[in-house]
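Visitor: just need the structure, nothing else, for what follows:
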Amino acid sequence: MFSDSSPAMDPDSSESEIRPEYDRSSADSTAATSPGTVQFANGAGEARPEATIFESAASQVTSVSDLPPERFNSLDELAHDLGSLHELSTRGSWQAILEKIAQARALFVLTKPHEHLTYLTYQVMALAKLRRSDEAAHELNSLHDFDGTHYRYESFPDIYPNRKGSMVPFSLRWLYALIPTKLGNRQEGIDRLYTLLDFVRDRIRDKESQSLDDSVELWKKRESFVMNCLLGFHLGHKEFGISMDLMKEMISRDPLDPVLISKLGSVQMQFGDIEGAKTTFNRVEKMLNEGKSNGLLNETQFKNLVGRNKALVHVVAKDYVSAVREYEECIERDNSDIIAVNNKALCLMYLRDLSDAIKVMENALERVPTAALNESLVVNLCSMYELAYVNHTDVKRTLNNWIARVAPDDFDSSCTRV
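Guide: Model (predicted):
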């Protein structure tokens, strides 16, 4: 069990990083649950889709132009001390980011227009991560028209000789679309995301007409990013018809994306098309056996994706013993596969082995805290505590105190329901 005296994670260790990139192999991430309930991670969407999306956005913030990042020797060449901000974001140190931004402004070290926009992007993201979305919206509303001449490089020829185009970071446009959803204005946010998708596609056509291959590739990645955002929101609200259309379009663009195809199988299960889901999952396994992939997954991630697909079929058939066996193989290959950990524990619970189910989750939190420490897994663990212990409040308080010592700033400790 957890100890209140557990040492805080060393911020300089590799394990303290809070996954700044979108983990494609874990795209079927754990679904958030209601208090007192538990739920399998099934790939069909999340109640908080923006949580996963945020983890991938930190890397997008740093791009202040259409030039690929490899054209620069360091992030600090893009903006003042930008490397430090990026490092803090990978650790989940969002409060420290706000303090660093305030200090930079007070000392007047931001001398170029694009630096102000880049720092503002980190500020808005930090505020949103800290659930201060009203303040984030206020900052965004102060910018007015993103496409105005005052945000173009050619408007400042003395500062940016021979540079043209918008200096607005892509992530700032994305945050502008996302923030309304965090304020309860979901439809406005969805509309803005579709507007952003149209903007991205216009940029792709423009870059293609100029034969700017590097920029085309960059904007196509952004197109995929926005489409995945939309897919997450539609799945999270069980809008399966729209989701299916989006997935089919995305698969037609990238027919070798095993994660997306697996997600399609999960949605087919939601529709009750079990045989269709099995066929889709078999397609993913065939891709693994034939070595066909888009290169976004390594071998272990690919094998675990196939293993989780097989386990999900067993879960639907209520064959929890076979499902546990599949999840165990995934965990043996990668002990940070938290989807497998979560679902193995839930299968054990349904097999009336609540004690072992709790141990599976506790061991994962202690062994790989930065991978396992997400609100959904903690909600499930606390639900198990409530089922297993009369004094569950004391147990959850111990867990809550441990989380306070190791979690990033944006972790929602209310998920322990203490």
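Visitor: which residues of the stretch 51-200 of the chain score low on pLDDT?
Guide: Applying pLDDT under 70 to the stretch 51-200 of the chain flags the ranges 51-73.
Visitor: again, only using 90
Guide: 51-83, 142-145, 147, 162-164 (pLDDT under 90).
Visitor: just checking, next helix/strand downstream of whichever helix or strand Asn363 is part of?
Guide: Using DSSP states H and E, Asn363 sits within helix 354-367. Note on helix 354-367: by DSSP H and E, the next helix or strand toward the C-terminus is helix 369-372.
Visitor: list the buried ones in that next one?
Guide: Along helix 369-372, these residues count as buried under the neighbour rule (16 or more other Cβ atoms under 10 Å): 369-372. C-beta: built from backbone N, CA, C; applies to glycine.
Visitor: quick check: buried residues in the helix holding Asn363?
Guide: 354, 357-358, 360-362, 364-365.
Visitor: repeat that for stretch 130-150.
Guide: For stretch 130-150, a neighbour-count test (16+ other Cβ under 10 Å) marks 130, 132-133, 136-137, 139-140, 143 as buried.
Visitor: re earlier: identify, from the buried residues of helix 354-367, the entry nearest to Ser84.
Guide: Leu365 (29.2 Å; Cβ to Cβ).
Visitor: dump the residue contacts of the closest one.
Guide: With contacts defined as Cβ atoms under 8 Å, 6 or more residues apart in numbering, the neighbours of Leu365 are 2, 372-373, 377, 381.
Visitor: just Val324 next, same as before
Guide: Contacts of Val324 by Cβ under 8 Å, 6+ apart are 344, 347-348, 351.
Visitor: could you redo the last one with a cut-off of 7 Å?
Guide: Residues in contact with Val324, defined by Cβ atoms under 7 Å, 6 or more residues apart in numbering, are 344, 347-348.
Visitor: and the next element down the chain from the strand or helix carrying Cys229?
Guide: Remark: Cys229 resides in helix 213-236, with elements defined by DSSP H and E. As assigned by DSSP H and E, the chain's next helix or strand after helix 213-236 is helix 240-253.
Visitor: could you look up the SS state of Arg163?
Guide: coil (DSSP: H, G, I helix; E, B strand; the rest coil).
Visitor: what's the neighbour count on it?
Guide: 15 (other Cβ atoms under 10 Å).
Visitor: any idea how far apart the tips of stretch 328-337 sit?
Guide: End-to-end distance of stretch 328-337: 10 Å, with Cα to Cα, to the nearest Å as the criterion.
Visitor: ditto for stretch 177-194
Guide: Distance between the boundary residues of stretch 177-194 (Cα to Cα) amounts to 9 Å.
Visitor: show me the shaky parts of the stretch 201-350 of the chain.
Guide: Applying pLDDT under 90 to the stretch 201-350 of the chain picks out residues 214, 236, 238, 240-241, 253-254, 269-273, 291-296.
Visitor: so Phe240 touches Gln268, yeah?
Guide: No: contact criterion Cβ atoms under 7 Å: Phe240 and Gln268 do not qualify, at 9.3 Å.
Visitor: same drill for the two, tell me which one is more crowded.
Guide: Between Phe240 and Gln268, Gln268 has the larger neighbour count (other Cβ under 10 Å), namely 21 against 17.
Visitor: buried set for the helix or strand harbouring the more buried one?
Guide: Secondary-structure element containing Gln268, defined by DSSP H and E: helix 258-270. Buried residues in helix 258-270, counted by 16+ other Cβ under 10 Å: 258-270.
Visitor: need those residues in CSV with distance to Asp191, can you?
Guide: Shown next, in CSV, are the buried residues of helix 258-270 (distance: Cβ to Cβ, whole Å):
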residue, distance to Asp191
Pro258, 31
Val259, 27
Leu260, 24
Ile261, 28
Ser262, 29
Lys263, 24
Leu264, 25
Gly265, 30
Ser266, 27
Val267, 23
Gln268, 28
Met269, 30
Gln270, 25
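Visitor: from those residues, which is closest to Tyr119?
Guide: For the buried residues of helix 258-270, with Tyr119 as the reference and Cβ to Cβ as the criterion, the closest is Val259, at 33.3 Å.
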